[in-house]
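> sequence first, then the predicted structure, then my questions.
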Protein chains: 2
Amino acid sequence: MMSPFIVILSTGSELTAGRSLDTNSGWIANQLFELGWKVKKFITLPDDPNLILSELQSLQTLAKEKPVLAIMTGGLGPTEDDYTLESVLKLTGKKSYSVEKAKLRLTKIYESRGKEYKDILPNVFRQTFVPEGCKTLDNSVGIAVGFVESIGEKSYLVCMPGVPSEMTEMFKRRLVPELKKLYPRENLLQKTKWLWNIGESLFQNDFIEPNRTEFFHEAEWGVTANRGYIKCIFQSTNQNLLDQIINRLETQYPKIISDDVFINVHDRLLADKLTISVVESCTGGLLGKKLTEQPGSSSYFMGGFLTYSNEMKSNLLGIPIETINTYGAVSEEVAKAMVDGLCQKTGTHYGVSITGIAGPDGGSEGKPVGTVCIGIKEPNGETTVHRYVFPGNREAIRENASNTAIFLIYQSLKNRVI
Amino acid sequence: MMSPFIVILSTGSELTAGRSLDTNSGWIANQLFELGWKVKKFITLPDDPNLILSELQSLQTLAKEKPVLAIMTGGLGPTEDDYTLESVLKLTGKKSYSVEKAKLRLTKIYESRGKEYKDILPNVFRQTFVPEGCKTLDNSVGIAVGFVESIGEKSYLVCMPGVPSEMTEMFKRRLVPELKKLYPRENLLQKTKWLWNIGESLFQNDFIEPNRTEFFHEAEWGVTANRGYIKCIFQSTNQNLLDQIINRLETQYPKIISDDVFINVHDRLLADKLTISVVESCTGGLLGKKLTEQPGSSSYFMGGFLTYSNEMKSNLLGIPIETINTYGAVSEEVAKAMVDGLCQKTGTHYGVSITGIAGPDGGSEGKPVGTVCIGIKEPNGETTVHRYVFPGNREAIRENASNTAIFLIYQSLKNRVI
């Protein structure tokens, strides 16, 4: 069937005042792309009930012409500037009710904090309400219940909380299965691969253009840029064609291709019962933070050192000050000494060191801002050091460096002979 | 005079596909706020000439009811998917012409690259065109000329390039003086304070409601929830009233109020020439990462330890395994031992330790998921330990814990007797 006309609507005065950046809409658009849908419009409104209602009315009018899917985030919270439910009730003329399951969840949360049901403030309680007869979307992270409301033939308004952690969980676990029922379509298959330290436009010139006639009449492609890597997404209903594309990609980029390294490194370290420790300079803890994002990471991540200053590199790891002075704190030699010193202290199977110039100051002709050395000590005792010059600002360089370090562990784990 | 109804319109298929984040709209909204104007709506459209024209027609229709100021970015570039000028010409029925000054600038740029006027590609040349009779906005960074076109009584459509460096320069230097002529008005003042570990709804009940009649007839308030703190924003044209509000807030919440702790801690550590080190368990490096986000942080942040496993707490810091076994790794006693051990090794003025249960597993009745102990060693040698139970999922708990640790340093720095 025909794809709906998709509009993503975010509400929040902090957004239209420019105090916060709306990351929800782009995230949702990206997810919808994976379902094979393109978004036609983003709208952002302040917490103003008149503006919100009038926008919803316009969407309802549009739904008389064509199937509309409006996905709205925000305005389901407990404060007086949360107008989403109220606006939807005005739009549809419906009444609201409190969802039993959400009420119980809220009560349990209060009890766990040593409070009772009667302590729940009325405005907190409000978040358990949805319009009568809607399809509810459970919130497994926060309190506010999401819902799907009909606004015309094959047209729906989806309302979800604006808190990203609540919204993303609700979207993936509750909304996607609903959308697949509401707008069934041919099964689109998808493959995703990551390519490291290559730009979007170079990828398009070198891979998409030469293969356009052969592959991309029957397959769609998309690419999203991330810190250190691009995510290449291919979609088709033809499995065989998808396999050919991935094959060509692996042949063309054998050294920089990967799957999701964050998941993959977690799974492999767990499965192979390997441990890891880190020593970080310019990233200041970001690599350790990334390696401990997955629950269960305590099985492999032991810890390590933050040696931001040269003094700490010397005092905590025993690197001779002369080595640092001779080669510079950002050098292959110091990266090697850091990871060797680290593993001596921690005794883990893997060790990773990062030292670099995150900027904006500290660059020189031979070592511009963005220069980063990453040392990897492997379970067989071998140490390799990799040197990069990452683009972007301080934040980008630090993200690039930590992500690339995880990619290097991924490669080592993949090539490991057991 | 009445403020215009302000709409910010960005175009770009990379935006609605979620491949790029629109930072222009928020930036513009922020600048307009300083002029005393609130934005009523953001719209983002893909590079689709029909959708763009239809949106401009809607704005023209709206301008029949009230003064509209539409600020559009993007679509003025040289490629085939740049539709802004074409859409405006269709909307107004006008013709376009090439701006002499821009043509000269372009020629000079070509000459400086060793090329000639005749080498300029027609699509590059296109960027010097604007509608007849519009107000032009010079581009001093790139090539594309911006313009202001009338779309009704006291209603204007502003078109600017989407490249942030070109747009921001054009906005500040060319557009703001125009806007001040088109819509003169008085200045709005703003104050922001942060409150820690308090919910939005509790704040509204305890502060906004009781003070509503006294303060909020002539001042506006807003609140945004963050990890560990809420940001309370107050606006008014009355400076005296704003001061009274902040005064009341400080009186009511003396122990949990702060300014921007990230900036403030950075500035104070630098100014007072103090050093800091950290030892992190459940946050895995996140606190160190946050303390090294500002350029120049190497003047105060020395480094520290990641002691994710009990073994590392014992091996790297010398905490007796019996202490860990007796009190548990997440306890006031271990947090204290961690920060004491840390400062012995690093010798910094400040030391911070974090140990907690980030979940989703590992909670128990006495120590539910979210329990976090934070130890602070102050320059005078005193150590204090603070215990919290943070709400939310693993990511939220880790963010809460690191942010709260920085708040504790903020408090210590503020109360320091020098």
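Received it, and whenever you're ready, just let me know what you need. Numbers count the residues shown, from 1 in each chain, chains lettered A, B, ... in the order given.

> for the rest of this, base every contact and every neighbour count on C-alpha atoms.
OK.

> so what are the domain limits for chain A?
Following automatic domain parsing, one finds the domains of chain A at A:5-182, A:189-258, A:261-415.

> spell out which parts of the stretch 1-150 of chain A neighbour chain B.
The stretch 1-150 of chain A comes close to chain B at residues A:13-21, A:23, A:25-30, A:33, A:38-46, A:51, A:78-79, A:123-124, A:141-142, as judged by Cα under 8 Å from any Cα of the partner chain.

> format the domains of chain A as CSV; extra columns: mean pLDDT.
Output for the domains of chain A, formatted as CSV (pLDDT from 0 to 100):
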stretch, mean pLDDT
domain A:5-182, 92
domain A:189-258, 90
domain A:261-415, 96
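
> deepest-packed of those domains, please.
Stretch with highest mean neighbour count among these: domain A:261-415 (a mean of 21; mean count of other Cα atoms under 10 Å in any protein chain shown).

> that domain and chain B, are they touching?
Yes: if you take Cα under 8 Å from any Cα as the test, domain A:261-415 does meet chain B, through A:281, A:283-289, A:291-293, A:295, A:298, A:301-309, A:311-312, A:316, A:345-346, A:359-361, A:394-395.

> out of the residues you listed, which sit inside strands?
Counted as lying in strands by DSSP state E, out of the residues of domain A:261-415 next to chain B, are A:301-307.

> where do the strands sit along the stretch 201-350 of chain A?
Listed in chain order, the strands of the stretch 201-350 of chain A (DSSP state E, counting those that start in this stretch) span A:220-225, A:229-236, A:257-258, A:276-280, A:301-307, A:350-356.

> so what touches the first one?
Right, the one you point to is strand A:220-225. A:199-200, A:230-236, B:19-20 (Cα atoms under 8 Å, 6 or more residues apart in numbering or on different chains).

> that strand: how far from the chain's middle?
On the basis of Cα atoms, centre = their mean, to the nearest Å, strand A:220-225 is displaced by 15 Å from the centre of the chain it belongs to.

> and the helix ranked longest in chain A, what does it pack against?
Across chain A, the longest stretch assigned as helix under DSSP state H is helix A:394-415. Packing contacts for helix A:394-415, counted by 3 or more Cα pairs under 8 Å, 6 or more residues apart in numbering or on different chains; DSSP states H and E, involve helix A:261-271, helix A:286-291, strand A:350-356, strand A:371-377.

> these: which one's closest to B:D267?
Closest approach to B:D267 among those (Cα to Cα): helix A:286-291, 22.0 Å.

> which of the domains of chain A sits closest to B:A63?
The minimum distance between B:A63 and those falls on domain A:5-182, with 15.7 Å, by Cα to Cα.

> how far does the closest one sit from the chain's center?
21 Å.

> that older thread, please tabulate the contacts of strand A:220-225 in CSV, including the columns distance to A:E220.
Putting the contacts of strand A:220-225 into CSV (distance: Cα to Cα, whole Å) gives the following:
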residue, distance to A:E220
A:G199, 19
A:E200, 16
A:I230, 16
A:K231, 14
A:C232, 11
A:I233, 8
A:F234, 6
A:Q235, 5
A:S236, 6
B:R19, 15
B:S20, 19
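
> between those residues, which is nearest B:F407?
Using Cα to Cα, B:S20 comes nearest to B:F407 of those, at 32.7 Å.

> that closest one reaches B:E14, doesn't it?
Yes: here B:S20 lies in contact with B:E14, judged by Cα atoms under 8 Å, at a distance of 5.5 Å.

> list residues touching both of these two?
Counting by Cα under 8 Å, 6+ apart, B:S20 and B:E14 have no common neighbour.

> run through the residues that contact the closest residue to chain B within the stretch 251-400 of chain A.
Per Cα to the nearest Cα, A:G285 is where the stretch 251-400 of chain A lies closest to chain B, at 3.7 Å. A:G285 is in contact with A:306, B:284-289, counting by Cα under 8 Å, 6+ apart.

> just give the closest residue to it, not the sequence neighbours.
Leaving aside its chain neighbours, A:G285 sits nearest to B:G285 (3.7 Å; criterion: Cα to Cα, 6 or more residues apart in numbering or on different chains).

> how near is the one you found to A:L286?
Counting by Cα to Cα, to the nearest Å, the gap from B:G285 to A:L286 is 6 Å.

> cool, A:T323 as well?
25 Å.

> tell me where the stretch 151-300 of chain A has helices.
A:164-170, A:176-182, A:200-203, A:209-215, A:239-252, A:261-271, A:286-291 (DSSP state H, counting those that start in this stretch).

> closest to A:L85 out of those?
Among the helices of the stretch 151-300 of chain A, helix A:164-170 sits nearest to A:L85 (Cα to Cα), with 16.0 Å.

> ok, and what's touching the closest one?
By Cα under 8 Å, 6+ apart, helix A:164-170 touches A:24, A:73, A:137-142, A:146, A:160-161.

> one more: stretch A:47-67?
A:3-5, A:11-13, A:45, A:68, A:70, A:75, A:81-84, A:87-88, A:90-91, A:151-155, B:40.

> okay, and which of those map to helices?
Per DSSP H, these map to helices at A:13, A:84, A:87-88, A:90-91.

> now those in a markdown table, with distance to B:F390?
A markdown table is the format used below for those (distance: Cα to Cα, whole Å):
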| residue | distance to B:F390 |
| --- | --- |
| A:S13 | 27 |
| A:T84 | 28 |
| A:S87 | 32 |
| A:V88 | 33 |
| A:K90 | 37 |
| A:L91 | 38 |
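
> which of these lies closest to A:Y410?
The closest of the ones in helices among the contacts of stretch A:47-67 to A:Y410 turns out to be A:S13 (Cα to Cα; 42.3 Å).

> pretty sure the closest one is touching A:D22, no?
No: applying Cα under 8 Å, one finds A:S13 not in contact with A:D22, separated by 11.1 Å.

> any idea how far the spatially closest residue to A:E399 that is not a sequence neighbour lies from A:G392?
Distance criterion Cα to Cα, 6+ apart; nearest residue to A:E399, sequence neighbours excluded, is A:R227 at 5.8 Å. According to Cα to Cα, A:R227 and A:G392 sit 9 Å apart.

> ok, A:I143 next?
Remark: distance between A:I143 and A:G392 (Cα to Cα) = 38 Å.

> cool, A:N123 as well?
A:N123 is 44 Å from A:G392, by Cα to Cα.

> which ones are touching A:L270?
With Cα under 8 Å, 6+ apart, A:L270 has these contacts: A:299-300.

> how about the one 3 residues further on?
Neighbour list for A:K273: A:299-300 [criterion: Cα under 8 Å, 6+ apart].

> how near is it to A:Y410?
Separation of A:K273 from A:Y410 (Cα to Cα): 15 Å.

> A:E116 now?
Distance from A:E116 to A:Y410, by Cα to Cα: 48 Å.

> A:T136 looks like it's in a strand, true?
Yes: with DSSP: H, G, I helix; E, B strand; the rest coil as the criterion, A:T136 is part of a strand.
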